[in-house]
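Trainee: how does the following fold in three dimensions:
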Amino acid sequence: MSGLGGAVAGVRWEPLLDPRVLALGVAVGLVAVLVPVLRRGRDRAGWPVRALLVVVVGVLLAHPLLLGRTVATAGTVPDRQLLVVLDRTTSMAATDGPGGRTRLEAARADLAVLTERLEGARFGLVVWGREVEEVVPATTDRAAFLDAVARTAPEDPRAGTGSTVDRPLPEVTALLRRAARQYPERGSLVLLLSDGEDTTGRPAGTAARSWRPAGALSDGGAVLGYGTRAGATMPRADLPGAPPVVDPRSGAPALSRADPATLRRVASQLEVPYVGRGPSAGPAALRDLALRLPEPEAVVTRAVPTPTDPAWALAGLAALLGLAELRRWARDLHETRRAGRP
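Mentor: All right, here's what the predicted structure looks like:
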């Protein structure tokens, strides 16, 4: 649409001032115009022009854009959700990560690298210890996601009831099912970060629940494994400088041993790669993983309205009203001077 001709489909407002300040200014201006007329009956002929001038200037400062005919545009955009499932059980405090860091610290660092390479994705965070919690619903705010990751601490050893890699499975499956129902065009990836250790006292030969239902609802992802089979002690995150977690049966510092075999089984059930992130792990494997993650694309068709800015027309109308008011004022001044002559 050119000029101001053609059908107007709607109006979009882009005010040049705070809307509250603008509304207050228009109200004050109208009061200043109307009060003398109502109180003293003065200038009943000129007040409509001044009131209209106040309104036109207010509309001009509110900066309306007239939306005319629409132009259809189509294209594809990356549209994927990365559901991060992070183990925060006490064993993730073990210090056999790269550079002597804890397993959880290593997982945090890996997430910072991975999310940087997944531009445009939505990130969701589920953590588990004794309880499972969705800390961050799917969001494109990477900073908020990483802030929540940074605040995730290992569980107090007195709060846990033993760790198992299948504890978050029902919640993760429910979230994936809900995402598939609400956003069928959006791809969901699952990224599980854990050491795989099972300390629930599960009887030997008893298998954990299968992750296949979650795999059927996702479009890919990965399982990242932390720690070593040799194991390491677990410093008390809640008491810096205190002795490490103690094995109540022996009284000696407890060792947490990673279980990569369990994590490989989970990766197989999810049909995603397993990536070991032991003490010698470097960033190269993460770069390769980011490149291998599938990138679902959504086909987007948008009807984009073509806006027309009527500011010039409003400014012209305000100028005409101002000139009319100035002419009336000059005439009144002239008549007042003539009336005052002897």
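
Trainee: please make it C-alpha for all contacts and neighbour counts, starting now.
Mentor: OK.

Trainee: what's near enough to touch residue 124?
Mentor: Residues in contact with residue 124 (CA atoms under 8 Å, 6 or more residues apart in numbering) are 81-84, 134-139, 145.

Trainee: do the same with residue 169
Mentor: 211, 214.

Trainee: can you redo the contacts of residue 124 as TSV with distance to residue 34?
Mentor: Listed next are the contacts of residue 124 as TSV, based on distance: CA to CA, whole Å:
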residue	distance to residue 34
81	58
82	60
83	61
84	63
134	58
135	56
136	54
137	53
138	54
139	51
145	55
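
Trainee: nearest to residue 308 among the residues you listed?
Mentor: Nearest to residue 308 among the contacts of residue 124: residue 139, at 33.5 Å, using CA to CA.

Trainee: low-confidence bits of the stretch 51-200 of the chain, can you list those?
Mentor: Applying pLDDT under 70 to the stretch 51-200 of the chain flags residues 67-79, 159-162.

Trainee: let me see the ranges of the helices in it.
Mentor: Assigned by DSSP state H, counting those that start in this stretch, the helices in the stretch 51-200 of the chain fall at 103-116, 142-150, 169-182.

Trainee: go through these and pick out the most buried.
Mentor: helix 103-116 (a mean of 19; mean count of other CA atoms under 10 Å).

Trainee: quick one, it and helix 142-150 angle?
Mentor: Helix 103-116 runs at 170 degrees relative to helix 142-150, counting by axes from the mean of the first three to the mean of the last three CA atoms, to 10 degrees.

Trainee: buried sites along the longest helix along the chain?
Mentor: For the chain, the longest helix by residue count, based on DSSP state H, is helix 311-340. Under the neighbour-count criterion of 16 or more other CA atoms under 10 Å, helix 311-340 has 311, 314-315, 317-318, 321, 325 buried.

Trainee: want to throw those into a markdown table with pLDDT and distance to residue 112?
Mentor: Formatted as a markdown table, those follow (pLDDT from 0 to 100; distance: CA to CA, whole Å):
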| residue | pLDDT | distance to residue 112 |
| --- | --- | --- |
| 311 | 80 | 47 |
| 314 | 81 | 51 |
| 315 | 83 | 51 |
| 317 | 85 | 56 |
| 318 | 80 | 55 |
| 321 | 81 | 60 |
| 325 | 78 | 64 |
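
Trainee: gap between stretch 110-127 and the chain center?
Mentor: 11 Å (CA atoms, centre = their mean, to the nearest Å).

Trainee: per-domain residue ranges of this protein.
Mentor: Here the domain assignment for the chain is 10-68+305-340, 80-295, based on automatic domain parsing.

Trainee: hang on, the earlier thing: residue 333 is nearest to which of the helices of the stretch 51-200 of the chain?
Mentor: Minimum separation from residue 333 across the helices of the stretch 51-200 of the chain (CA to CA) falls at helix 142-150, 64.6 Å.
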